[in-house]
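Participant: predicted coordinates and the sequence they were generated for:
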Amino acid sequence: MRVTITRYGMSPEQLEQEIELQFISIKNGIQALALETQKQMQQNIVNNIHRPDSTGNLVRAITVEYFENGAGIGNIEYLKQFAPYWAALNYGSSHLVGKWLPSGIFRPGTAIPTMTAFREGRWRVGEGSDGSLGEEFYTARIKNPIIAINYIEKTANWLSTVFKVHFYNRLNKSKIY
Amino acid sequence: MSYFTETRNVELSCLFYLETNLNSDWSGTTILKTFSQVYHKDTALPIVCVRLADTASTRLEVGADTLDNRYLLIIDLFARSESQRLDMADYIKNKLKSGWVHYDHAHSSGSSEVLTRDANGRDMVTEFVTDSRIDVGETMEAKDQHRHNISIRVRHTDA
């Protein structure tokens, strides 16, 4: 009896080339997704800014770093240096409750916050103390805790959905579980 | 009657489920929905704060307008000690992993205090997003000293 084996499809070399191409394509996709994730995290922070004239320090401190086979959003050491309150804003904290604000005034808005000027001003430390603005300066005891805005978890929620739509479906899975 | 939306029902169903379990297995635990309640001076530790923070939506299938929603539920634990934090986190994860009954909530007009609930399917955890100790990196007061954060993605199913 004679058996003939005929090869169909790609040769091992072609298969290796195809895998390499797919890998490069996925790598490019991950890099693009990393940039989008950075934007999304920054947007989640911006959405929670209630007062005018934000310094933007936290938004700028959300960086993207590429590794050989992936990417990371936000470097904790960098955040600790340039936006040390990153964790207090994300998780909420009461560490300032009961403490006194350093002397200053709300500006723009009214010097002393009133209900009609709700969230109009930002606390300016030391302003008004030289008398040039013709106003007194004030201090106040902080009563409310920092409410968690969970910008990290919200970004992870967004990323999981986007990842499934764009990558999982590309792998020919017809349903998302 | 005033009926609640699915998003609100997902949050309240999880809250009710954890409240029922913690009340029977972990007496003395306070279960809350907002941070301002957590930090109120009269609220004693341990505290579990459950809230729905975000919803990510996609189309369920081509040609239909049904949305496939993934709800982000965040569970913050404020424990008395590190060992209690770890035990409580494990306990809650074990309770959440199998899902819970989804209830449609409603209240009578003019009576927002009393809620009625009717079972309507289940809420399933599709992913555990975070499960970690929280260090806010500042001088911490008592309630922030032993904190833990669990965040989960949840899907509601009618079946």
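Facilitator: Noted; the coordinates are in hand.

Participant: ok, residue 121 - contacts?
Facilitator: I'll assume chain A. Going by C-beta atoms under 8 Å, 6 or more residues apart in numbering or on different chains, A:Gly121 touches A:Arg51, A:Pro52, A:Ile105, A:Phe106, A:Arg107, A:Pro108, A:Gly109, A:Thr110, A:Pro113. The way it works is simple: take the backbone N, C-alpha and C, and place the C-beta from them, glycine included.

Participant: switch to chain B, please.
Facilitator: By C-beta under 8 Å, 6+ apart, B:Gly121 lies in contact with B:Val101, B:His102, B:His156, B:Thr157, B:Asp158, B:Ala159.

Participant: I'd like the residues you listed as CSV, with secondary structure and neighbour count appended.
Facilitator: Listed next are the contacts of B:Gly121 as CSV, based on DSSP: H, G, I helix; E, B strand; the rest coil; neighbours: other C-beta atoms under 10 Å in any protein chain shown:
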residue, secondary structure, neighbour count
B:Val101, strand, 13
B:His102, strand, 24
B:His156, strand, 19
B:Thr157, strand, 11
B:Asp158, coil, 7
B:Ala159, coil, 4
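
Participant: direction included, what does the helix or strand of chain B with the lowest mean pLDDT pair against?
Facilitator: One helix or strand of chain B scores below all others by mean pLDDT, DSSP states H and E: strand B:2-3, with a mean of 82. Strand B:2-3 has these partner strands in its sheet, going by DSSP bridges: strand B:100-107 (antiparallel).

Participant: now do the helices in chain B.
Facilitator: Counting by DSSP state H, the segments of chain B that form helices are B:6-25, B:35-38, B:82-96.

Participant: and if you look at chain A?
Facilitator: All helices of chain A, identified by DSSP H, fall at A:12-46, A:57-61, A:76-82, A:86-91, A:151-163.

Participant: give me the mean pLDDT for the longest one.
Facilitator: Across helix A:12-46, the average pLDDT comes to 90.

Participant: same question for that helix: list its buried residues.
Facilitator: A:Ile30, A:Leu33, A:Ala34, A:Thr37, A:Gln38, A:Gln40, A:Met41, A:Gln42, A:Asn44, A:Ile45 (16 or more other C-beta atoms under 10 Å in any protein chain shown).

Participant: now flag whichever of these is closest to chain B.
Facilitator: A:Asn44 (8.6 Å; C-beta to the nearest C-beta).

Participant: would you mind listing what in chain A touches chain B?
Facilitator: For chain A, the contact set with chain B under C-beta under 8 Å from any C-beta of the partner chain comprises A:80, A:84-88, A:91-97, A:144-145, A:147-148, A:150, A:152-154, A:156-158, A:160-161, A:164-165, A:176-177.
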